[in-house]
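Enquirer: give the three-dimensional model of this entry:
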Amino acid sequence: MLLAFFEGIITALGALVLELAVLAVFNLPPAENTLFTLLIFVAIEESLKYAIIYNHSLKANSREKIFANAVFIGLGFALTELFLKQLDYQKISFLPIFGLLFIHLFTAGTVGFFLKQKYDQHKLFIFLLLVLNVILHFGYNFLILRYF
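Expert: Numbers count the residues shown, from 1 in each chain. The predicted model follows:
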């Protein structure tokens, strides 16, 4: 599980690098200025988290470890993002911190839960779950950018 936590950290850093590359290559405005860029960034983060959790599910020797690893991946991702985001802010507010932890733990946990249940064989269901996670994450990010 400790390995999953560190993989969550590495995944968050990889997502940051990929997001910055997308900004540079496609000359997009920052995510704070446009909903399209925000949606692209959320899709990158959720796709990378899904890929790491799916990889863990393939290697797991028990179904219970799939969910636990997913939660630790989400926690590592959330804490890394929290650390990187808080470097930019002068004040720290409880709601964005709680929300950031919740959204990453929830989206990673749902993927882990459904992979644990062997829903990975239903490709359409997993795709819809990924879309739902992107929508939830996008909604959270939009609200935070709008009101905080």
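Enquirer: phi and psi next, for Q117.
Expert: With angles defined as degrees, to the nearest 10, Q117 sits at phi -80, psi 0.
Enquirer: at which residues are the helices of this protein located?
Expert: Remark: helices assigned in the chain by DSSP state H are 2-26, 35-59, 63-86, 94-116, 123-147.
Enquirer: okay if I get the ones you listed as TSV plus mean neighbour count?
Expert: The way it works is simple: take the backbone N, C-alpha and C, and place the C-beta from them, glycine included. Conversion of the helices of the chain to TSV gives the following (neighbours: other C-beta atoms under 10 Å):
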stretch	mean neighbour count
helix 2-26	16
helix 35-59	19
helix 63-86	20
helix 94-116	19
helix 123-147	15
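Enquirer: with mean pLDDT as added columns, please give those helices in a markdown table.
Expert: Listed next are these as a markdown table, based on pLDDT from 0 to 100:
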| stretch | mean pLDDT |
| --- | --- |
| helix 2-26 | 96 |
| helix 35-59 | 94 |
| helix 63-86 | 91 |
| helix 94-116 | 91 |
| helix 123-147 | 92 |
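Enquirer: check contacts around the residue lying closest to G99 once chain neighbours are set aside.
Expert: Leaving aside its sequence neighbours, G99 sits nearest to Y140 (C-beta to C-beta, 6 or more residues apart in numbering; 5.7 Å). Contact partners of Y140, counting by C-beta atoms under 8 Å, 6 or more residues apart in numbering, are 99-100, 103.
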